[in-house]
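Enquirer: coords please:
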Amino acid sequence: MKTINPSIIINLLAVPKMGRQRTRQLMAHFGPEVNPFDLSVKELCSVKGISKDIARSIKSYSRFELGEAEVEAACRKNITLITCWNKHYPVLLKKIYDPPILLYCTGQPLQAREDTIAIVGTRRYTAYGKSVTQSITRDLALAGLTVVSGLARGIDTIAHQETVRNGCRTIAVLGTGLDILYPPENRQLASQICERGTIITEFPLSTGPERGNFPQRNRIIAGLAHAVLVSEAGHRSGAMLTALDAVDQNRDVFAIPGRVVDKQSVGTNRLIRNGAVPVATGEEIIQAINPKLFNPLQRVQKKLSVELSEAEQKIMENLGSDPVHIDQLANQMEMEITSLLQQLLSLELKNAVQQVGGKQFVRA
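Expert: Below is the predicted model:
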């Protein structure tokens, strides 16, 4: 089957009042062998949604250099353009109500049938949110699921970082053009993602981080995945919009329950009250979605047990999800700071505890 030239799609989208829906209907009606700009007004009007005025706009369109220049610029930047008729276009994304008609991709190639899980959450996370997100992300990634998120500050960044740290695949969906990375501090992380994963967007090159882009981006995050996990989310959070997109797309929604006094857990607790499934481990998510996977997992990989010394076990008994300052921990355990630091370093190397800043520690 002949593939559709991305420059044709770019030019059609530039025609006033065309948009994704009409462009999709037009291309689906005539097929990839036909260039819509070569058709007559009468032929164009035979397509549902194409009025005589829109058909005339297509016929009078003359900025063909726009599409050609965009394709050439993408090529120079090692960016691949994939239309929704391409064999590599994700099957799950194609099933949503309004899938992107054109994706800009960099990094490793997209896969049509890929088992994915989306993880999203607040930009202002708590130590509890960070710890649980890392643990669940690690479970899911090591089990073989591709982690999808939005490369935003906060929980999104943590999900990508943890996946990369474990040498697994992740997909980042941007609300900008691929040549304008946002937020800029994630530039190194983006480079690491591309080693095994993919960064995608539907926005043309040179598109900045405009506020209206991100709700549009969120539907892609949800659409790429079998399910969405919301880690922490406030009352009015972009993560909540992603969860609503998932519901609209008939995808499962999971949420990490939080304390009722935490602002960052208001959204997740509300999702749970409204039917989202509360989870504490990646294994719980895998068991729920396993029958829906393209390649169901025969066995859920469990965490390896870690041998701890008696002193290390006592430290673990005094740590939880809330950060504990080393001075407080030393007083509780009646240990010298120097000795305690040595034990904590050993536990960090075993991925049993994590320092969250300010000499505060939590269970990993």
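
Enquirer: show me where the stretch 151-300 of the chain has strands.
Expert: 170-173, 198-201, 227-230, 252-255, 277-278 (DSSP state E, counting those that start in this stretch).

Enquirer: which residues sit in contact with Thr106?
Expert: Lys77, Asn78, Ile79, Thr80, Leu178, Cys194, Thr198, Ile199, Ile200 (CB atoms under 8 Å, 6 or more residues apart in numbering). Where C-beta positions appear, they are placed from N, C-alpha and C, glycine not excepted.

Enquirer: Hmm, I typed the wrong one, I wanted Arg363.
Expert: Arg363 neighbours (CB under 8 Å, 6+ apart): Ser131, Met316, Leu319, Gly320, Ser321, Ala352, Val353, Gln354.

Enquirer: what do you get if the cut-off is 6 Å, keeping everything else the same?
Expert: By CB atoms under 6 Å, 6 or more residues apart in numbering, the contact set of Arg363 is Leu319, Gly320.

Enquirer: pLDDT score assigned to it?
Expert: With respect to pLDDT, Arg363 has a value of 82.

Enquirer: Which pLDDT does the model give Gly358?
Expert: 72.

Enquirer: and the gap between the closest residue to it other than its chain neighbours and Val362?
Expert: Leaving aside its sequence neighbours, Gly358 sits nearest to His325 (CB to CB, 6 or more residues apart in numbering; 7.1 Å). Using CB to CB, to the nearest Å, we find His325 at a distance of 11 Å from Val362.

Enquirer: One more: Lys77?
Expert: Separation of Lys77 from Val362 (CB to CB): 40 Å.

Enquirer: ok so, going back, who has more neighbours out of His325 and Val362?
Expert: Using other CB atoms under 10 Å, the more surrounded residue of His325 and Val362 is Val362, with 20 against 12.

Enquirer: Ramachandran coordinates for that one?
Expert: With angles defined as degrees, to the nearest 10, Val362 sits at phi -140, psi 160.

Enquirer: For beta bridges, what are the partners of it?
Expert: Here Val362 sits in beta bridges with Gln354, going by DSSP bridges.

Enquirer: didn't it look like it was pressed against Ser131?
Expert: Yes: under the criterion of CB atoms under 6 Å, Val362 makes contact with Ser131 at 5.2 Å.

Enquirer: Between these two, which contacts overlap?
Expert: Ser321.

Enquirer: Including mean neighbour count, mean pLDDT and distance to Asn218, could the strands of the stretch 151-300 of the chain go into a markdown table?
Expert: Listed next are these as a markdown table, based on neighbours: other CB atoms under 10 Å; pLDDT from 0 to 100; distance: least, CB to CB, whole Å:
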| stretch | mean neighbour count | mean pLDDT | distance to Asn218 |
| --- | --- | --- | --- |
| strand 170-173 | 28 | 98 | 8 |
| strand 198-201 | 24 | 98 | 13 |
| strand 227-230 | 27 | 98 | 10 |
| strand 252-255 | 24 | 96 | 13 |
| strand 277-278 | 14 | 96 | 20 |
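
Enquirer: and the host helix or strand of Leu13, C-alpha only, in CSV?
Expert: When elements are assigned from DSSP states H and E, Leu13 belongs to helix 6-14. In CSV, the C-alpha atoms belonging to helix 6-14 read as follows (Å, rounded to 0.1, in the frame of the first residue of the first chain):
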residue,chain,number,x,y,z
PRO,A,6,3.4,13.9,5.2
SER,A,7,3.7,17.2,3.4
ILE,A,8,0.2,16.7,1.9
ILE,A,9,-1.2,16.3,5.5
ILE,A,10,0.7,19.4,6.7
ASN,A,11,-0.7,21.4,3.8
LEU,A,12,-4.3,20.1,4.3
LEU,A,13,-4.1,21.0,8.0
ALA,A,14,-3.1,24.6,7.0
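
Enquirer: If you tally nearby residues, what's the number for Pro36?
Expert: Pro36: 24 neighbours (other CB under 10 Å).

Enquirer: Can you pull the phi/psi pair for it?
Expert: According to degrees, to the nearest 10, Pro36 has phi -60, psi -30.

Enquirer: tell me the contacts of it?
Expert: So, once contact is read as CB under 6 Å, 6+ apart, Pro36 ends up touching Leu26.

Enquirer: State the distance from it to Ile4.
Expert: For Pro36, the distance to Ile4 - CB to CB - is 10 Å.

Enquirer: what's the answer for Glu33, then?
Expert: From Glu33 across to Ile4, the span is 9 Å (CB to CB).

Enquirer: how deep is Glu202 tucked in, by neighbour count?
Expert: 21.

Enquirer: Was I right to think it contacts Pro100?
Expert: Yes: the criterion here is CB under 6 Å, and Glu202 meets it with Pro100 at 3.7 Å.

Enquirer: in the sheet, who's paired with Thr83?
Expert: Beta-bridge partners of Thr83, as defined by DSSP bridges: Leu102.

Enquirer: How many residues are close by the closest residue to Asn318 other than its chain neighbours?
Expert: The shortest distance from Asn318 to any non-neighbouring residue, by CB to CB, 6+ apart, is to Gln332 (5.3 Å). By the criterion of other CB under 10 Å, Gln332 has 14 neighbours.
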